[in-house]
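Enquirer: Please find the sequence and the predicted model below.
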Amino acid sequence: MIVKTKRFALDKKKYINMAFTRQIKNSWYWLLIPLAIMLLGPILHFTGVYKNWWILITGFVGAIGYVAFWYIQFYAATQMDQNAQMFDKFIYEIDSRQILVKVNKKEGGVIKWETIQSAEKLSDEGFLLHIARGQFLHFPKTVFNSDHDQKLMENILRRKSLL
């Protein structure tokens, strides 16, 4: 059985939001360093050990800088010519052997299941297949031709031990 999707493209804003939130969720522990520094500043100030607010400001700037760094990374990925293909319209044919990405009826490419690291079933939005950091395939529920195709897609992902 093959799941065929409608022709669709990944929206750039959707990509930025999804990639950014997943990156922050996966690496939230790095924010503990600037937060610890921010906590250290007032403690040192009010105990009289070091009366200066620069420690607090440095921690705050570090936290903002970390979050801004990742947001800028994913925003810049949408502007690069090398990544323009990610936002083109494709038709996908998904089966248990491969994911066929079609530009038109004669042109396309293949994504092997081995390149997919994991998958998520999003509550209202469909499926998300993770390839690497910042690289994924997003299949909203609206691109499937029927509910049967959605169930078949879920079954394929379960058989591949990705869900």
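Expert: Arrived safely, thanks for sending.
Enquirer: Is Glu93 located within a helix, as I assumed?
Expert: No - using DSSP: H, G, I helix; E, B strand; the rest coil, the secondary structure at Glu93 is strand, not a helix.
Enquirer: Which residues does it form beta bridges with?
Expert: With DSSP bridges as the criterion, Glu93 is bridged to Lys4, Leu100.
Enquirer: Hmm, it is touching Lys6, no?
Expert: No - using C-beta atoms under 8 Å, Glu93 is not in contact with Lys6; the gap is 11.7 Å. In short, each C-beta sits where N, CA and C put it, glycine included.
Enquirer: Can you check my assumption that Ile111 lies in a strand?
Expert: Yes - judged by three-state DSSP, Ile111 forms part of a strand.
Enquirer: This structure: strands as residue ranges?
Expert: 3-4, 91-94, 98-102, 108-112, 118-122, 126-132, 135-140 (DSSP state E).
Enquirer: From Val61, how far off is Gly126?
Expert: Gly126 is 38 Å from Val61, where distance means C-beta to C-beta, to the nearest Å.
Enquirer: swap that for Leu32, sorry
Expert: Leu32 is 16 Å from Val61, by C-beta to C-beta.
Enquirer: One more: Gln82?
Expert: 31 Å.
Enquirer: more crowded one of these two?
Expert: Taking other C-beta atoms under 10 Å, Gln82 and Val61 do not tie; Val61 has more neighbours (15 against 7).
Enquirer: Model confidence at the more buried one, what's the number?
Expert: Residue-level confidence at Val61 comes out at 89, pLDDT.
Enquirer: Now for it: which residues touch it?
Expert: Pro34 (C-beta atoms under 8 Å, 6 or more residues apart in numbering).
Enquirer: And the one 10 residues further on, by the same measure?
Expert: Applying C-beta under 8 Å, 6+ apart, we find Tyr71 in contact with Ile16, Phe20.
Enquirer: Export the strands of the chain as a markdown table, with columns for mean neighbour count.
Expert: Formatted as a markdown table, the strands of the chain follow (neighbours: other C-beta atoms under 10 Å):
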| stretch | mean neighbour count |
| --- | --- |
| strand 3-4 | 19 |
| strand 91-94 | 20 |
| strand 98-102 | 17 |
| strand 108-112 | 12 |
| strand 118-122 | 16 |
| strand 126-132 | 17 |
| strand 135-140 | 19 |
